[in-house]
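> A structural model of the following input is requested.
(one chain, ligands or ions: 1)
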Amino acid sequence: MGALSQTRVPVIAIDGPSASGKGTVAARVAQALGFHYLDSGALYRLTTLAAIAAAIALEDEPGLAEVARTMQIRFGADGVRLAGRDVTEALRTEEVSAATSRVAAWPAVCAALLERQRGFRQLPGLVADGRDMGSIVFPDADVKVFLSASLETRAERRYKQLMEKGMYAKMADVVEELRRRDARDASRPVAPLKHYPDAFFLDTSGLSVEQAVAQVLDWWRERASRRGRETDRGGKSP
Ligand code: C5P
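Numbering: from 1, shown residues only. Sure, this is the predicted structure:
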């Protein structure tokens, strides 16, 4: 019997900086395997939007944590809803991105979101993307990937995304904002963004989305078949 036949729910954790392509890759990997998908950044972004709606200051740590614990959210095929309102587009603005990395720096906010994130771990499996999926939220993940790309590549991707959405931006501002966000995410006291040693490192600068997805799926299959062999051996010689 292989690992997949046990009731333990497998997890693939994909962490990395903003605009590294981790969201796209994680969603495609989830689709290929028929797994659930957790965009943990969306939970932090929802906390920011909910706090703004409730006029809670971004410096009010207990107030923000309370919002993170109690906000009513729903992820569906038709988008993301906050208290019944469609916020799919509102979540992705540069203002919300910048405010969110400040909100996410509060330890009480991370703690409040921990159980909510773990709740997404359901059969047949989960692909989770974020900053601390493999280190804090799912430390026992089956496959951990740290996905990155050069600052220039990430800025170009973000710039293209913004233009496609009709949001005008200057390239120099996009680079500067990414640099600021990287610095904040890497220096926060709880779960700073870093490449932890048990994660595979994948630089996507020269890779297409398909190539990055194929690499993660290869690591997953290797891992699943190794687990299967270990379990089989264990069964024969207890
Ligand atoms: O991934 P995304 O850009 O949507 O994340 C938005 C912000 O949320 C990040 O800049 C980071 O500050 C925070 N975040 C986090 N931990 C995660 C996911 C996101 O602190 N697991």
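
> so where do the strands sit in the protein?
11-15, 36-39, 73-76, 79-82, 85-86, 126-130, 143-148, 200-203 (DSSP state E).

> what's the neighbour count on Arg118?
Arg118: 14 surrounding residues under other C-beta atoms under 10 Å. (Each C-beta comes from the backbone N, C-alpha and C, glycine too.)

> so it touches Val137, yeah?
Yes. Assessed by C-beta atoms under 8 Å, Arg118 is found in contact with Val137 at 6.5 Å.

> in a markdown table: the strands of the chain, plus distance to Leu46.
Conversion of those to a markdown table gives the following (distance: least, C-beta to C-beta, whole Å):
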| stretch | distance to Leu46 |
| --- | --- |
| strand 11-15 | 19 |
| strand 36-39 | 10 |
| strand 73-76 | 5 |
| strand 79-82 | 6 |
| strand 85-86 | 11 |
| strand 126-130 | 13 |
| strand 143-148 | 23 |
| strand 200-203 | 27 |
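
> packing partners of the helix ranked longest in the chain?
Assignment by DSSP state H gives helix 209-236 as the longest helix of the chain. For helix 209-236, the elements it packs on are strand 11-15, helix 22-33, strand 143-148, strand 200-203, judged by 3 or more C-beta pairs under 8 Å, 6 or more residues apart in numbering; DSSP states H and E.

> most tightly packed of these?
Stretch with highest mean neighbour count among those: strand 11-15 (a mean of 28; mean count of other C-beta atoms under 10 Å).

> could you give the angle of the longest helix of the chain to helix 22-33?
50 degrees (axes from the mean of the first three to the mean of the last three C-alpha atoms, to 10 degrees).

> pLDDT weak spots in the protein?
Filtered on pLDDT under 70, the chain yields the residue ranges 1-6, 189-192, 233-238.

> one more time with 80, if that's ok
1-6, 185-196, 228-238 (pLDDT under 80).

> tell me the residues of it that contact the ligand?
18, 40-41, 44-45, 100-101, 104, 130-132, 181, 185 (C-beta under 6 Å from any ligand atom).

> so which of the residues you listed sit within helices?
Residues from those lying in helices, with DSSP H as the criterion: Ser40, Gly41, Tyr44, Arg45, Thr100, Ser101, Arg181, Asp185.

> number of nearby residues for the spatially closest residue to the fourth one that is not a sequence neighbour?
What that stands for is Arg45. Nearest non-adjacent residue to Arg45, counting by C-beta to C-beta, 6 or more residues apart in numbering: Leu91, 4.5 Å away. Residues near Leu91, counting by other C-beta under 10 Å, number 20.

> I appreciate the help and will end here.
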